[in-house]
Every structure is written in C-alpha cells, then in structure tokens.
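[1] mind folding the following:
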Amino acid sequence: MSMKRFLLRLFLFSTPFWAILVSYFILDPFKVLRTYDDYSSSRAPLNNDYIATETYLKNRSIYKYDSFIFGSSRAGAFKPADWSLHLSAESEPFLFWASYETIHGILMKIRLIDELNDNIQNALIIIDTDSTFGPPLTDLFYVKHPILSKSSAFRFQYGFMATYFRNAFFFRYIDYMIFHQFRPYMSDYIVKDEMQIHPVSNEFTFSDQANERQTDPEGYYQKRKSIFYPRDMTRLKQVKKEITNEYLGILNAIKSIFIKHQTDFKIIVSPLYDQNLLNKEDLLILYSIFGRDRVFDFSGTNKYTQDMKNYYETSHYTKEVGKDILITIYNN
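    Sure, this is the predicted structure:
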C-alpha cells in the first residue's frame, strides 16, 4: 500500500475522532475553555472551584468585592443578599465556595485575594465537621483552579478533554443537547437539576429542587422521607480531633491575613443533619486562634438539626437556616 493511500485511510478512520474533538472545543461542556458571563444551566458536571475563581477574577475590578463567604456547598445556605443586611451599605459580598472545600482551599482563596491587593473587609468561614479538616480531593471536578494551586493549567485542561471522551460522555451530552430529553443511560453523566448561578455574587440555587420545595413542602419531604434516616438525639456524638499541626499552620495563616486587612470575620460550624459535635479540643483551638466572640458552633443537637425540614436532603441545610444563623450571630 502506498503512503498516500495509507494516509487517506488513516484520515477517513480518524475523522470521527476529529469531529468529536472539534465538538468539545465548540460546546465546552464543562465550561473550562472560556470565561462566561453566566455559568447557569449546565447539563454537564462542573468544577465549582474553577467557576467561582473565574467569576471572581473576571468581576473583581468591576464590583470591587470586599466581603467573602468561604466554604463548601453548605456555604450556599448563606445568601450574600441576606448577609448584606448585616454589613455596611457599600459592601459587595461574594460567595467563594467549592464542592467539598477544605481548609487548604479556603486559605488558597484568601491568599489569592490578598496577593491581588483586594480588600477583605468582611469574611465568613463555614466549617463542616465531616470535610473541612480533611485532605483535598483529587477528582477532576473537585481539584483547585490552577491559579490557586499553582499547578499545570495544561494538565487541568487535558483532564477535562479526556473526560469528554471517557465512557462515551460526548455521546450522552450531544444526545441531550440535540433532543433535550433525559434517557436512562444518561443518569450518571448528565445533570438533571439545573444549577442557577448568580453572575455577580456567585450564589447558587438548584431551581427544580427549590421550586418543588416552595410549591409543595409537605410533598417534598414525604417524597424524600426514606433518605432522612432516624437519629438518636439523646446521645452526644463527637467527631475525632482533626486539627493537626498542619491545620494549625493554615488557621494561623488565615488569621494573619485577616489581621493585615483588619477583617471583621466570623467562623461558623455547620449544623449538619448527622448531629455530630465538633471535637471539644478543636473548638478550643478555634477559640484560641480566632477568639471566642468570633467562633459560632452550631454542630450537634439543636433547634436546626432536630427538624428534617431544615434540610434539602441529609447533606445540606436550607437558606432559611443560614439566614437565621446570620441574625443570631450578628445580633449577639
């Protein structure tokens, strides 16, 4: 076979690959190739750390953010608009969250703001007893934005491109984009409940979930009754001590930046459905670093954790709870 015929056959056989590759760059399903004014309504899973960081970087010079909410997706319970009611009229809040955020990631974000010489007038740090003091996740959808981790941007981008091809994700995604119908084979790949992301504050809402809970609250919880497992509210359950010397260094680094910016900050320990208490030794460490008047522990059994209707599911407490916590900590 001549080289010319070989190359022609190679081209013909590889044409589907090139078509799929081109579709990746056109569709940008994971929204990592370009910066967007609005990241809402994606049907592909997203790296929320990347989106939050891109939104901050794109808008920082326009909106002059000076107040930040740091934490995991549980930080979404604290609406920037609700927080604004407790801040000065000139404050511009931003929800700088990431899925399964750890204290490492929170420090990275605070350092980025500091390095860019932006003001940190106010800050909320939301601590989760089950994940904040844990190792960073390495899954592609949870890794940090390269500008935060100071890692390879090429490796980050290559990972998403490879994911598009893996397990024929592209086929499922293109199928949905053309026909807008969920099929059973898409269930582990296509996001069914749209996430609405505010283009300025980065506040997020799962629209289908929010609408269902608002229009039929009784039906919402009846439908999900099986996932709200029973808890023994008479027994105190304390998580193990988690703040090691490494985490001590991170917490002190955060405090140093706050001192530099004269930040009015508050540390909030989430009221999780599991009712596990923050370890007493860890709580004392937080007190010693940040001050007793700055740390608010809502872990364990309390008025929030006792009622399942304070949760969307067993992992996330509601925005009504977040609003009430803000009233509590700012009025004390």
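[2] what's near enough to touch the residue nearest to S72 when sequence neighbours are not counted?
    Distance criterion Cβ to Cβ, 6 or more residues apart in numbering; nearest residue to S72, sequence neighbours excluded, is E101 at 4.2 Å. Heads up, the C-betas are built off the backbone N, CA and C, glycines and all. When contacts are counted by Cβ atoms under 8 Å, 6 or more residues apart in numbering, E101 touches 49, 70-73, 75, 131-132.
[3] what about the helices in the stretch 1-150 of the chain?
    Ranges of helices in the stretch 1-150 of the chain, per DSSP state H, counting those that start in this stretch, are 3-27, 48-63, 80-84, 103-115, 146-149.
[4] make JSON lines from the ones you listed and add mean neighbour count and mean pLDDT to it.
    JSON lines is the format used below for the helices of the stretch 1-150 of the chain (neighbours: other Cβ atoms under 10 Å; pLDDT from 0 to 100):
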{"stretch": "helix 3-27", "mean neighbour count": "11", "mean pLDDT": "66"}
{"stretch": "helix 48-63", "mean neighbour count": "19", "mean pLDDT": "97"}
{"stretch": "helix 80-84", "mean neighbour count": "18", "mean pLDDT": "98"}
{"stretch": "helix 103-115", "mean neighbour count": "20", "mean pLDDT": "98"}
{"stretch": "helix 146-149", "mean neighbour count": "16", "mean pLDDT": "96"}
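[5] out of those helices, flag the one nearest L278.
    Closest of the helices of the stretch 1-150 of the chain to L278 is helix 103-115, at 13.3 Å (criterion: Cβ to Cβ).
[6] quick one, the closest one and helix 48-63 angle?
    20 degrees (axes from the mean of the first three to the mean of the last three Cα atoms, to 10 degrees).
[7] what sits up against helix 103-115?
    The contact list for helix 103-115 (Cβ under 8 Å, 6+ apart) reads 49, 53, 56, 68, 70-71, 96, 98, 120, 123, 125, 127, 132-133, 136, 144, 147-149, 247, 250-251, 253-254, 257, 260-261.
[8] among the residues you listed, name the ones in strands.
    Applying DSSP state E to the contacts of helix 103-115, the entries found in strands are 68, 70-71, 96, 123, 125, 127.
[9] switch those over to a markdown table; also include neighbour count and distance to M308.
    A markdown table is the format used below for the ones in strands among the contacts of helix 103-115 (neighbours: other Cβ atoms under 10 Å; distance: Cβ to Cβ, whole Å):
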| residue | neighbour count | distance to M308 |
| --- | --- | --- |
| F68 | 27 | 30 |
| F70 | 27 | 27 |
| G71 | 27 | 22 |
| F96 | 26 | 29 |
| A123 | 24 | 30 |
| I125 | 26 | 26 |
| I127 | 27 | 22 |
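[10] nearest to D175, of the residues you listed?
    Of the ones in strands among the contacts of helix 103-115, the one sitting nearest to D175 (Cβ to Cβ) turns out to be F96, at 34.6 Å.
[11] list the contacts of the closest one.
    Here F96 is in contact with 52-53, 56, 68-70, 109, 202 (Cβ under 8 Å, 6+ apart).
[12] could you dump the helices of the stretch 1-150 of the chain to TSV with distance to S226?
    Formatted as TSV, the helices of the stretch 1-150 of the chain follow (distance: least, Cβ to Cβ, whole Å):
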stretch	distance to S226
helix 3-27	37
helix 48-63	28
helix 80-84	31
helix 103-115	33
helix 146-149	38
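[13] select, out of the ones you listed, the one closest to L283.
    Set against L283 and scored by Cβ to Cβ, the helices of the stretch 1-150 of the chain come closest in helix 103-115, at 14.8 Å.
[14] now the angle from that closest one to strand 67-71?
    160 degrees.
[15] ok now helix 103-115, how far from the chain's centre?
    The chain centre lies 15 Å from the centre of helix 103-115; the measure is Cα atoms, centre = their mean, to the nearest Å.
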